[in-house]
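*Asks:* Provided below for reference: sequence and predicted model.
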Amino acid sequence: MFRVGSGHDTHRLEAGRPLVLGGVRVDHPKGLAGHSDADVVLHAVTDALLGAAALGDIGDLFPDTDPAHQGADSRVFLAEALARVGRAGWRPVNLDVTVFAQEPKLGPVKAAIRANLAGLLGLPTDAVSVKAKTGEKVGHVGRGEALGCHAVVLVQKTDFTAEGAEAAEKRQS
Ligand code: MG
């Protein structure tokens with residue numbers, strides 16, 4: 001009745017690129033490098049959703065060799081993954097995201113990212129969590145070379161009912 005999926009992504013920080021996190025434009029002199037808009041949060045969430053339904057990964061669906069995805073808005077990737085997960089009979093229950101960034105400080109934008117993710121997934125805000133960690137000044141995140149994101153999502157069978165679960169349990173015993 002339930003499944004869990006996890007997603008992880010990393011993108012390099014580069015001067016002069018826009019920084020988009022969870023579909024929210026963040027004011028910062030550097031942005032993330034990548035073929036699409038490089039939204040590391042949406043990529044991790046998309047992979048978590050696909051993972052929960054065992055439907056492959058974001059690279060299978062949207063190869064970065066495809067010119068159609070050049071500069072793509074990653075909300076399109078998430079919407080397509082959500083549609084596929086839905087067609088496979090699953091809907092998201094809750095989402096927990098951890099963003100790894102030395103800079104910028106994400107405290108001021110966490111609420112906006114959370115609200116935006118909730119809207120994109122059709123979830124109430126209290127079913128979406130956005131946490132931020134620095135890299136403690138070590139490693140690629142700590143040195144300010146990259147941002148990372150880890151996402152975990154729970155999905156539930158869309159035809160799930162308490163009565164159905166009880167009946168299934170009785171059949172098994
Ligand atoms: Mg990516």
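*Replies:* Looks like it came in fine.
*Asks:* Could you pull up phi and psi at Thr134?
*Replies:* phi -90, psi 180 (degrees, to the nearest 10).
*Asks:* If we ignore the residues flanking it in sequence, what's nearest it?
*Replies:* Gln102 (5.1 Å; Cβ to Cβ, 6 or more residues apart in numbering). The way it works is simple: take the backbone N, C-alpha and C, and place the C-beta from them, glycine included.
*Asks:* what helix or strand does the one you found sit in?
*Replies:* According to DSSP states H and E, Gln102 maps onto no helix or strand at all.
*Asks:* give the contact list for the residue most central in space within the chain.
*Replies:* Geometric centre of the chain, nearest residue: Val45, 1.5 Å, by Cα atoms, centre = their mean. Going by Cβ atoms under 8 Å, 6 or more residues apart in numbering, Val45 touches Gly7, Gly22, Leu78, Leu95, Val97, Leu117, Leu121, Cys149, Ala151, Val153.
*Asks:* tell me the SS of it?
*Replies:* Following DSSP: H, G, I helix; E, B strand; the rest coil, we place Val45 in the helix state.
*Asks:* Same question for the one 10 residues further on.
*Replies:* With three-state DSSP as the basis, the three-state label of Leu55 is coil.
*Asks:* quick one, what contacts it?
*Replies:* Leu55 touches Ala81, Arg84, Val85, Ala88, counting by Cβ under 8 Å, 6+ apart.
*Asks:* And it, how close does it get to the ion?
*Replies:* 17 Å (Cβ to the ion, to the nearest Å).
*Asks:* where does this protein dip in pLDDT?
*Replies:* 160-162, 164-165, 168 (pLDDT under 70).
*Asks:* Nearest residue to the closest residue to the ion within it in space, please, no chain neighbours.
*Replies:* Nearest residue of the chain to the ion (Cβ to the ion) works out as His43 at 3.6 Å. Leaving out its chain neighbours, the residue that sits closest to His43 by Cβ to Cβ, 6+ apart is Asp9, at 4.1 Å.
*Asks:* Direction included, what does the host helix or strand of the one you found pair up with?
*Replies:* Using DSSP H and E, Asp9 maps to strand 2-15. Within its sheet, strand 2-15 is paired with strand 30-32 (antiparallel), strand 146-157 (antiparallel), according to DSSP bridges.
*Asks:* Around the ion, pick out the residues from the protein.
*Replies:* Asp9, His43 (Cβ under 5 Å from the ion).
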